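Chemist: Kindly generate the corresponding structure for this input.
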Amino acid sequence: MTLLTAPKSAFIPAKEYHVPIEIHPHEPPLQGVRPRKRRALRGRQTIEVAQLHVNRGWLGLGAVATAAGLAGVSLFGWRVAAAGGAFGAAALGHMLLGEPARPILERITLPIPALPPELNGLRIGHLTDSHLGFRYSEANLAWGVAQMQRERPDLIVLTGDIVTHHWAIPDVPRLLRGLHAPLGIYAVPGNHDHWEGLADLRAALTLANIPLLLNEHRRLSWNGSDLWLIGIDDVWDGRPSLRQALRGVPTHGFKLLLSHAPDVAESAAHAGIHVQLSGHTHGGHLRLPLLGPFTLPRYGKRYVIGKYQVAGLTLYVSRGIGGAPLRLLCPPEATIITLRRP
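Modeler: Numbering: from 1, shown residues only. Reported below is the predicted structural model:
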């Protein structure tokens, strides 16, 4: 599955920020970054982000629809307005009540040229952005766990924003207790996890026997070969450090990165990461052909949905299994990812 996003010019930055990200010691400057004049940070790099990006195409579509509606009333009377209102109500009902409550299982194959032969066919279950506390989130996560139980992947990963309200944290052990995989279950935090209480969430994940990787790695062995699982802190409100996470990892080892936000992919590619799994964007929640997503969050503007090739790194960005209950042509997903040699 290859999905394209709207061009950068289609988005309006609401506000710009500068956030330091510690990078690999041999990483060149990020492309397309225009740092502000500020005192240099030793061993760090700054990237420019925007808090919210709004697609101008959607605004234009709204203006055209409004004009067409007014013209229809003028030419054909209020019956046309009533029909348009009924269609709009049905579409809104689908976006609020239908699609957000119907997650689907995506089966994705990632061709990886550098994949060791022993890891060929490795299956990874990917759950992200459950956002417990939102409507449908608990039911969707329970469904996702059931899919993992049925599919039995070799490894299961959770890439952040597990909760969206602090009061939902006690539900985490109960909902995730059914996850099992030969290579284990691992998680990294998202921005909402930081905002709602990372220490409490980490304790809840510990009760479910799920390590939370904060700038650290795990050496996993499969069919006699090593898989180096790397997990970094959230780039929005955490302290992500690829340098720290990669300390002790062999330069030529096969590396799989878990990062909540996808837009660290350039840094990861320069650091020698082979595969990155992310969430955060929810695919834009609302999508239309040609127009693409309605809005995108900070750190989720460059890579929005599906598969990307970033230099030597292969990235997959999931639409997430939860989030705000408003979706159009962008259903929630749980994902089974298979790594293959091309």
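Chemist: only C-alpha atoms for contact and neighbour calcs from this point on.
Modeler: Fine.
Chemist: Quick one: residues contacting the most centrally placed residue in the chain.
Modeler: Central residue of the chain (C-alpha atoms, centre = their mean): residue 279, 0.8 Å from the mean position. Neighbouring residues of residue 279 by C-alpha atoms under 8 Å, 6 or more residues apart in numbering: 128, 129, 159, 160, 259, 260, 261, 262, 317, 318, 319, 320.
Chemist: Next: residue 328.
Modeler: Neighbouring residues of residue 328 by C-alpha under 8 Å, 6+ apart: 94, 95, 99, 285, 286, 287, 288.
Chemist: Quick check: closest non-adjacent residue to it.
Modeler: Of all residues not flanking residue 328 in the chain, residue 286 sits nearest, at 4.5 Å (C-alpha to C-alpha, 6 or more residues apart in numbering).
Chemist: Quick check, that neighbour in contact with residue 329.
Modeler: Yes: with contact defined as C-alpha atoms under 8 Å, residue 286 reaches residue 329; the gap is 6.6 Å.
Chemist: sec struct for residue 138, please.
Modeler: Under DSSP: H, G, I helix; E, B strand; the rest coil, residue 138 falls in the helix class.
Chemist: how close does it get to residue 145?
Modeler: Using C-alpha to C-alpha, to the nearest Å, we find residue 138 at a distance of 11 Å from residue 145.
Chemist: Give the residues shared as contacts by the two.
Modeler: Taking C-alpha under 8 Å, 6+ apart as the contact rule, the neighbours common to residue 138 and residue 145 are residue 175.
Chemist: higher neighbour count, residue 286 and residue 329?
Modeler: Neighbours were tallied for residue 286 and for residue 329 using other C-alpha atoms under 10 Å; the higher tally belongs to residue 286 (18 against 15).
Chemist: From residue 92, how far out is the more buried one?
Modeler: Note on residue 286: its distance to residue 92, by C-alpha to C-alpha, is 11 Å.
Chemist: how close does residue 217 get to residue 232?
Modeler: In this view, residue 217 and residue 232 are 9 Å apart by C-alpha to C-alpha.
Chemist: Give the residue from those two that has the larger number of neighbours.
Modeler: Neighbours per residue (other C-alpha under 10 Å) separate residue 217 from residue 232, with residue 232 holding more: 30 against 22.
Chemist: Distance-wise, check the more buried one relative to residue 310.
Modeler: To residue 310, residue 232 is 18 Å away according to C-alpha to C-alpha.
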